[in-house]
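Colleague: structure for this input, please:
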Amino acid sequence: MYKQINGVAMGSPLGVLFANFFMGTIETELLAEARPSIYCRYVDDIFVRVRDQRELQNLKTRFIRASGLNFIYEEANNGHLPFLDALVTAQQTGFLTTIYTKPTNSGLCLNRKSECHSRYLHSTIGAYVRKALSHYSTWINTHQELERITQVLVNNRNTNSDVTHITKQIIDKLYTKDNPTPNKKYSI
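Modeller: Okay, the predicted model is just below:
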């Protein structure tokens with residue numbers, strides 16, 4: 001189903017492009033005069049660090065006036081704030097990131113007993129693994145997440161050996177002996 005907003009078919013392939021262009025134009029104008037210390041946006045989700053509630057309300061009001069759109073916000077709770085599929089936790093020296101799993105997540109994914117090609121099953125495992133490797137800011141948490149997703153995948157009838165094999169493949173492509181920093185040219 002498509003929704004028509006200001007002449008743009010939301011749901012069409014161009015919807016994201018138009019949304020990014022529109023928001024980029026607004027940001028150029030608004031953030032030139034007073035930019036928050038941290039401002040990150042992905043399509044229509046914005047992560048912002050402000051000094052106080054007054055600065056947040058001021059920023060929200062400026063965005064509403066400039067765009068005609070309605071903006072809502074969610075504040076950090078005990079230093080934790082979900083942003084996209086990451087949980088960002090404020091630390092003394094920066095932020096700690098982990099994967100954010102909604103409380104309603106049932107742990108279901110593509111089941112190994114599904115009648116589909118094995119590349120789709122391997123792709124599902126790979127997606128979980130790459131997400132764990134990219135979203136966690138510490139190796140201890142990454143390891144714990146790899147254990148958790150292994151259990152989720154096994155619960156969906158994947159084998160431990162498949163999960164271990166694909167995890168090893170991805171890590172081997174990311175990190176080599178000659179290059180201990182991540183190599184962004186990987187896929188599975």
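Colleague: contacts, neighbours, all on C-alpha from now
Modeller: Fine.
Colleague: which residues in the protein form strands?
Modeller: Assigned by DSSP state E, the chain shows strands spanning 3-5, 8-10, 38-42, 45-49, 80-83, 86-91, 94-99.
Colleague: how far away from the center of its chain is the fourth one?
Modeller: The gap between the average C-alpha position of strand 45-49 and the chain average comes to 13 Å, counting by CA atoms, centre = their mean, to the nearest Å.
Colleague: so what pLDDT did Lys177 get?
Modeller: For Lys177, the model assigns a pLDDT of 63.
Colleague: same question but for Lys184, I mixed them up
Modeller: Looking at Lys184, its pLDDT is 52.
Colleague: any regions of this structure where pLDDT drops low?
Modeller: 1-11, 177-188 (pLDDT under 70).
Colleague: any idea how far Val48 is from Ala86?
Modeller: Between Ala86 and Val48 the distance is 14 Å, computed by CA to CA, to the nearest Å.
Colleague: re earlier: save the strands of the chain as a markdown table, and put in mean neighbour count and distance to Ile170 too.
Modeller: Formatted as a markdown table, these follow (neighbours: other CA atoms under 10 Å; distance: least, CA to CA, whole Å):
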| stretch | mean neighbour count | distance to Ile170 |
| --- | --- | --- |
| strand 3-5 | 10 | 39 |
| strand 8-10 | 15 | 35 |
| strand 38-42 | 11 | 26 |
| strand 45-49 | 15 | 29 |
| strand 80-83 | 18 | 25 |
| strand 86-91 | 17 | 21 |
| strand 94-99 | 17 | 18 |
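Colleague: out of these, nearest to Ala19?
Modeller: Proximity to Ala19 (CA to CA) singles out strand 8-10 among those, at 9.3 Å.
Colleague: please name the nearest non-neighbouring residue to Asn141.
Modeller: Thr98 (7.4 Å; CA to CA, 6 or more residues apart in numbering).
Colleague: the one you found contacts Leu84, correct?
Modeller: No. Between Thr98 and Leu84 no contact is recorded; they are 11.2 Å apart, counting by CA atoms under 8 Å.
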